[in-house]
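> pasted the sequence and its predicted model underneath.
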Amino acid sequence: MFGRKIQTCWVFTKAYIQGVLAMSLLFHINPVSGDCKNTTLKLFDDQIQAIQKSVRTIVEDGSCNKKNAPVGFHAYLGSTKTYEKGVVWLYDKVVTNTHNAYSATTGKFTTPEQGLYIFSIDTLCDPGKYSHAGLYVNGKIKTWQACNNGGKSQWLTCSNSAVLLLQKGDVVHVGDHHSAATIRGLYSDFSGAKLN
């Protein structure tokens with residue numbers, strides 16, 4: 001559980017940790033003779049423990065809470081799938097998901113706050129397969145993609161992006177707007193982030 005919280009807060013704590021480590025290296029640590037408890041190694045160990053304590057404090061006291069985190073998600077298909085027209089595509093492997101706004105169970109992203117958002121859809125079609133991704137907001141299509149791979153030995157990648165002004169609670173998803181779609185796992189993904 002602690003690992004997931006750190007991963008979520010990494011954006012905010014990375015600069016802090018890098019700064020502390022850089023400062024540690026800049027300071028000249030003089031070895032103290034006589035008392036083995038005051039060696040250079042012990043001083044570095046104490047600094048590492050202080051950094052760990054600072055990160056725990058940032059995570060546990062809410063300094064890295066969802067209100068401070070930028071809104072964004074990135075997910076991809078874990079395996080090749082076929083979807084019928086109108087069915088929501090489930091990008092089941094989540095890489096980034098601040099605010100837990102994207103659901104790998106439903107395939108839908110719910111905007112946690114009003115603002116300008118950017119979305120990206122990348123789709124890989126196997127030879128002889130097709131897909132027609134549509135980006136939907138509250139059930140209405142906002143952008144279209146056509147990945148018509150009539151070739152016998154080539155894979156076809158299609159990409160699409162959209163910048164949309166959305167309200168809090170709007171629901172965004174991807175689905176085929178034309179016919180059944182076969183989309184390649186690992187190489188097909190869905191991402192979004194709030195711009196302002």
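Perfect, thanks for sending it. Residues are numbered from 1 along each chain as shown.
> let me know how buried Ile48 is, in neighbour terms.
When neighbours are defined as other C-beta atoms under 10 Å, Ile48 has 13 of them. The C-beta positions use only the backbone N, C-alpha and C, and glycine is treated the same way.
> and the next element down the chain from the strand or helix carrying it?
Assessed by DSSP states H and E, Ile48 sits inside helix 40-60. Following helix 40-60 in sequence order, the next helix or strand is strand 72-76 (DSSP H and E).
> what packs against that next one?
strand 93-97, strand 189-194 (3 or more C-beta pairs under 8 Å, 6 or more residues apart in numbering; DSSP states H and E).
> tilt between it and strand 189-194?
Strand 72-76 and strand 189-194 are oriented at 180 degrees to each other (axes from the mean of the first three to the mean of the last three C-alpha atoms, to 10 degrees).
> rewinding a little: columns mean neighbour count on top of the helices and strands packed on strand 72-76, output as JSON lines?
Below are the helices and strands packed on strand 72-76 laid out as JSON lines (neighbours: other C-beta atoms under 10 Å):
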{"stretch": "strand 93-97", "mean neighbour count": "14"}
{"stretch": "strand 189-194", "mean neighbour count": "21"}
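> let's have those in TSV, adding mean pLDDT and distance to Asn148.
Output for the helices and strands packed on strand 72-76, formatted as TSV (pLDDT from 0 to 100; distance: least, C-beta to C-beta, whole Å):
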stretch	mean pLDDT	distance to Asn148
strand 93-97	95	26
strand 189-194	95	20
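> distance to Lys81 added to those, as a markdown table?
Shown next, in a markdown table, are these (distance: least, C-beta to C-beta, whole Å):
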| stretch | distance to Lys81 |
| --- | --- |
| strand 93-97 | 12 |
| strand 189-194 | 13 |
